[in-house]
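1. sequence plus the predicted model coming up.
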There are 2 protein chains.
Amino acid sequence: MPDSLRVALVSPPMLPVPPPGYSGTERVVAALIDELVKRGHRVTLYAPGDSEVDCELVPTIPHSLWATDYRGDVSSFINIGLAKLWADHERFDIVHSHVETLGFLFARHCPRPVVTTLHGRLDGSGIPELMAEFMDIPLVAISDSQGRWFPENNWIKTVHHGLPLEQAPFGDQPGEYLALVGRVTPEKGVDEAIELARRAHLQLKLAAKVYDRHEKEHFAEVVAPAIDDGVVEFQGEVGQIERDSLYAGALATLMLGAWPEPFGLVAIESMATGTPVIARRAGALTETVEHGVDGFLVDDLDEAFLAVQRAPDLDRALIRERALDRFSAGRMVDEYEDVYRALLGGSRKRQTEVPTELRVASGVR
Amino acid sequence: MPDSLRVALVSPPMLPVPPPGYSGTERVVAALIDELVKRGHRVTLYAPGDSEVDCELVPTIPHSLWATDYRGDVSSFINIGLAKLWADHERFDIVHSHVETLGFLFARHCPRPVVTTLHGRLDGSGIPELMAEFMDIPLVAISDSQGRWFPENNWIKTVHHGLPLEQAPFGDQPGEYLALVGRVTPEKGVDEAIELARRAHLQLKLAAKVYDRHEKEHFAEVVAPAIDDGVVEFQGEVGQIERDSLYAGALATLMLGAWPEPFGLVAIESMATGTPVIARRAGALTETVEHGVDGFLVDDLDEAFLAVQRAPDLDRALIRERALDRFSAGRMVDEYEDVYRALLGGSRKRQTEVPTELRVASGVR
């Protein structure tokens, strides 16, 4: 395999790369591109035309659907991007799909090796049928937790996300408030966080999207009364710099929702500023947050209350150091280079037999 | 080309074939299968496992999504069906896709000729981008009206729907009420129909789905008061026999919505019972309803009121005879056999050059 690969990435139609607001997939794709380019790979991104990346961009559609206020079905637009990439396939050594299960049919038949990173949860309707039909598709999980329901699928590796976290400020002292970043939904644990803040007599600073009807209802029911009481300071959806500042100044960041995060970028961003994470013992957080070192894994509010009391004792410099080491874009791309090599080392068409050491290393059970 | 073709049809995941309630695509697919089988073709249907057809059935999923109360995104399930069909492609001479634009990528790359009948309107978001990307895909329009926005695409033919209409009862005398069958939505012209019924001092018998929130709101706002007034008799969603009986007993069937029907099965069902159609001059109805013979095409409520007065003068036996002749399943399958032959006569891979006589015959402008 040559040192420099011709890599095509395909990203969803809803948002540009990088995304304007708070979105996981497109931020990770942006970080992946920057690091691949830095290493001399020739990268081409298939994404909406309003993307701004330091590599070749093939616009799948002129503008991201978000920018055009489109809120309908996105599947057709995904097929437009896949069609353009398929037409160009001879230009690439490998294709890296970020369009979830909707890219599976493409991945099977496009005459180039295609690896698919799944970014979402895998417990939705239709997923079991899809995973059963597409047992051959080479997959990357973003956490062992994400992949564990489908151990028989063709997982090449688990690759935890990485971001350019070294830009984050360091909050060297434990702050006087709790932080929550995300969406105002029950699964993000907003109500639990408010109850915890009340019990701990601390303010909860909340940076969150309130977009759809359910979120608005949840806001009115749960958040608005707590703002009136002074328990919550609500910041809406804020940019990267404000978010980093919010994390850095906090005593701890809360992720208390009964939601098995497939990864949870909030955790690594908080830890990068030195601020520990108090998380429900669920999903990928059991992999990214080491209990008693990076924060605490809790099962209920009583444990969360104890975790708040213990948070000042943690070594914030160590938390930051570990985060920058474990969740750098460099480490992520080291692992994706391994994945690409594994696919290219097999048949040119696609990899159906996974090398044993990779399957074992993935830890997917 | 052999007289007997091996034809694969693929139908959407939401409903079985035939459908339990009032749905266009699956009813037409059912009629197509029955007639193809009658003519000795070997037909295989890729559709949900609760379909009941007199041909080979390959279940795409065990149960239709409707039966499982699934109301999410259907695109992934379409890919499951297409994946199974692709794996079997060598078993068939030709593939006939009914999964709309989501089958385009499959149609381009599956190594068998694929023809796609588009069943929906073509003015939705994303359609222009899709039609531009997939200029090569061989298409069938269900009306000239449907295809007219994309004259440059690869239309093989316009094929009006056909159904086994000879089963419909004949209503030999003009009835004393107006009929409306469809959904309780503004685009179906429910409010215009009620206003017309009031002006004409006739009852409106309404057989309609009220499923989603918008339909419920429209029902409460527009239909409920008219039921209280005795203007509307509401029948809910009724089966084929009740619908036919409703049509047969009516003075006329109303299709007054400002909605360009891509086809409008209601019109042909009504005409099959001898009952004329009073339709807004829009969409496919300008092709299926001949003004002054099968009913009337109107531009506003004043014209509709005049049409109600003139409806008893029309020859109901002629309306029925014309409908059974023009919209039989036999005529539809005659035309689809032409389409299949046109595709098979070209390259084995797929047809990109359309024979001139077919393109002209399609009448798509």
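-> Good, I have the coordinates.
2. where does chain A have low pLDDT?
-> By pLDDT under 70, the weakly predicted segments of chain A are A:1-2, A:71, A:346-365.
3. in it, what residue comes closest to chain B?
-> Residue nearest to chain B within chain A: A:S75 (3.3 Å; Cβ to the nearest Cβ). Where you see a C-beta, it was placed from the backbone N, CA and C, and this is true even at glycine.
4. excluding chain neighbours, what is closest to that residue?
-> B:S75 (3.3 Å; Cβ to Cβ, 6 or more residues apart in numbering or on different chains).
5. ditto for A:G126
-> Here the residue nearest A:G126, using Cβ to Cβ, 6+ apart, is B:S76, at 4.8 Å.
6. related to what we said a few turns ago, wait, the residue of chain A closest to chain B sits on B:D73?
-> Yes - with contacts counted by Cβ atoms under 8 Å, A:S75 reaches B:D73, the gap being 6.8 Å.
7. which one of the two has more residues nearby?
-> Using other Cβ atoms under 10 Å in any protein chain shown, the more surrounded residue of A:S75 and B:D73 is A:S75, with 19 against 15.
8. near chain B, which residues of the stretch 51-200 of chain A are found?
-> A:61, A:70, A:72-73, A:75-77, A:79-80, A:82-84, A:86, A:101-102, A:104-106, A:108-109, A:124-127, A:129-130, A:133-134 (Cβ under 8 Å from any Cβ of the partner chain).
9. can you turn the buried part of those residues into a ChimeraX selection?
-> The buried residues among those can be selected in ChimeraX (16 or more other Cβ atoms under 10 Å in any protein chain shown) with this line:
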select /A:61,70,75,76,77,79,80,82,83,84,86,101,102,104,105,106,108,109,126,127,129,130,133,134
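10. of the residues of the stretch 51-200 of chain A next to chain B, which belong to strands?
-> When DSSP state E is applied, these are split such that none fall in strands.
11. mind checking which of the residues of the stretch 51-200 of chain A next to chain B are in helices?
-> Counting by DSSP state H, the part of those found in helices is A:75-77, A:79-80, A:82-84, A:86, A:104-106, A:108-109, A:127, A:129-130, A:133.
12. strands along the stretch 101-250 of chain A, start to end?
-> A:114-117, A:139-141, A:155-158, A:177-183, A:203-209, A:232-234 (DSSP state E, counting those that start in this stretch).
13. what's next to the first one, contact-wise?
-> When contacts are defined by Cβ atoms under 8 Å, 6 or more residues apart in numbering or on different chains, strand A:114-117 is touched by residues A:94-98, A:100, A:103-104, A:106-107, A:137-140, A:142, A:156, A:159, A:339-340, A:343, A:350.
14. please repeat the previous calculation with a cut-off of 7 Å.
-> Contacts of strand A:114-117 with the rest of the structure, by Cβ atoms under 7 Å, 6 or more residues apart in numbering or on different chains, involve A:94-98, A:103, A:106-107, A:137-140, A:142, A:156, A:339, A:343, A:350.
15. now swap in the fourth one and tell me
-> In this structure, residues lying in contact with strand A:177-183 by Cβ under 7 Å, 6+ apart are A:188, A:190, A:193, A:197, A:202-209, A:215, A:243, A:246-247, A:250-254, A:266.
16. now the buried members of these.
-> Of the contacts of strand A:177-183, these count as buried by 16+ other Cβ under 10 Å: A:188, A:190, A:193, A:197, A:202-209, A:215, A:243, A:246-247, A:250-254, A:266.
17. ok, now which ones touch A:F77?
-> A:13, A:60-61, A:65, B:126.
18. and for A:P48?
-> A:13, A:16, A:59-61, A:63-64.
19. which residue packs closest to it, ignoring adjacent ones?
-> Nearest to A:P48 is A:S64, by Cβ to Cβ, 6+ apart, at 3.7 Å.
20. look up phi and psi at A:L57.
-> The phi/psi pair for A:L57 (degrees, to the nearest 10) reads phi -120, psi 120.
21. I'd say it and A:S51 touch.
-> Yes - between A:L57 and A:S51 there is a contact under Cβ atoms under 7 Å: 5.6 Å.
22. pick out whichever of the two has more residues nearby.
-> Taking other Cβ under 10 Å, A:L57 and A:S51 do not tie; A:S51 has more neighbours (24 against 20).
23. which two among the contacts of A:F77 are spaced furthest apart?
-> A:T60 and B:G126 (11.4 Å; Cβ to Cβ).
24. now for the lengthiest helix in chain A, which elements pack on it?
-> Counting by DSSP H, the longest helix found in chain A is helix A:329-345. Applying 3 or more Cβ pairs under 7 Å, 6 or more residues apart in numbering or on different chains; DSSP states H and E, one finds that helix A:329-345 contacts helix A:24-38, strand A:94-97, strand A:155-158.
25. out of these, which gets nearest to B:Y46?
-> strand A:94-97 (24.2 Å).
26. partners of the closest one in the sheet?
-> Strand A:94-97 sits in its sheet next to strand A:6-10 (parallel), strand A:114-117 (parallel), going by DSSP bridges.
27. return the alpha-carbon coordinates of the last one using PDB.
-> Listed next in PDB are the C-alpha coordinates belonging to strand A:114-117 (Å, rounded to 0.1, in the frame of the first residue of the first chain):
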ATOM      1  CA  VAL A 114     -15.800   1.200   1.400                       C
ATOM      2  CA  VAL A 115     -15.600   1.400   5.200                       C
ATOM      3  CA  THR A 116     -18.500   2.800   7.100                       C
ATOM      4  CA  THR A 117     -18.200   4.600  10.400                       C
END
